[in-house]
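Q: would you be able to build a 3D model of this:
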Amino acid sequence: MPSRQPISKGRSKFAGTVQRAASRRCERSRNQPPGSCGPTADDILNRYIQALGGAGRLATLTSFVGKGSYEGFDSYHGKVALEVYAKATGQRTVIAYTQNGDSVTTYDGRNAWIVGPDKPVSVLQLAQEGIWTESNWI
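A: Model (predicted):
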């Protein structure tokens, strides 16, 4: 029976080949920081935008409907159904179907409200005109 020779330093004979191939892939992407060998966030988003028809086509959209799942503290970290409805005028509604009842947040472009089983009143006004912006609270 032939004796087996140990591979030096615990590396397989293919490790060098894999490392060289990976470094060649990284060398082709000059915009990435050293040590990172994947596409950048911009690359991923640009490919996604192109797959949807390009920036020009996306600029013509006036509404959006999304359905999926959500998990967070108010769903006890269990997945629950979620729906998002939005219009280009800044109007949007988010509905989370939690175990305790539906939680709805709505913004009409000027005012915002929230309804949910964990709120102190049946409809709680979150913001009045001029307080809410597209991206955050002021």
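Q: residue boundaries of the helices in this structure?
A: 15-28, 41-51, 55-59 (DSSP state H).
Q: which residues does the last one contact?
A: This points to helix 55-59. 49, 52 (C-beta atoms under 8 Å, 6 or more residues apart in numbering). Using the backbone N, CA and C atoms, a C-beta is placed for each residue, glycine as well.
Q: likewise the second one?
A: When contacts are taken as C-beta under 8 Å, 6+ apart, the neighbours of helix 41-51 outside the stretch itself are 39, 55, 58.
Q: of those - the most surrounded one?
A: Greatest neighbour count in those, by other C-beta atoms under 10 Å, goes to residue 39: 14 neighbours.
Q: what pLDDT is listed against it?
A: Looking at residue 39, its pLDDT is 86.
Q: can I get stretch 93-111 in PDB? Just the C-alpha atoms.
A: The C-alpha trace of stretch 93-111 is given here as PDB (Å, rounded to 0.1, in the frame of the first residue of the first chain):
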ATOM      1  CA  THR A  93     -50.100  52.900   3.200                       C
ATOM      2  CA  VAL A  94     -48.400  50.000   4.900                       C
ATOM      3  CA  ILE A  95     -50.500  47.200   6.400                       C
ATOM      4  CA  ALA A  96     -48.900  44.500   8.600                       C
ATOM      5  CA  TYR A  97     -51.200  41.600   9.500                       C
ATOM      6  CA  THR A  98     -49.800  40.900  13.000                       C
ATOM      7  CA  GLN A  99     -51.000  38.100  15.400                       C
ATOM      8  CA  ASN A 100     -52.800  40.700  17.500                       C
ATOM      9  CA  GLY A 101     -54.600  42.400  14.700                       C
ATOM     10  CA  ASP A 102     -53.800  44.600  11.700                       C
ATOM     11  CA  SER A 103     -51.400  47.500  12.000                       C
ATOM     12  CA  VAL A 104     -51.900  50.200   9.400                       C
ATOM     13  CA  THR A 105     -49.800  53.300   8.800                       C
ATOM     14  CA  THR A 106     -51.000  55.800   6.200                       C
ATOM     15  CA  TYR A 107     -49.600  59.100   4.800                       C
ATOM     16  CA  ASP A 108     -51.600  61.200   2.500                       C
ATOM     17  CA  GLY A 109     -48.900  63.600   1.400                       C
ATOM     18  CA  ARG A 110     -49.500  66.000   4.300                       C
ATOM     19  CA  ASN A 111     -50.800  64.100   7.300                       C
END
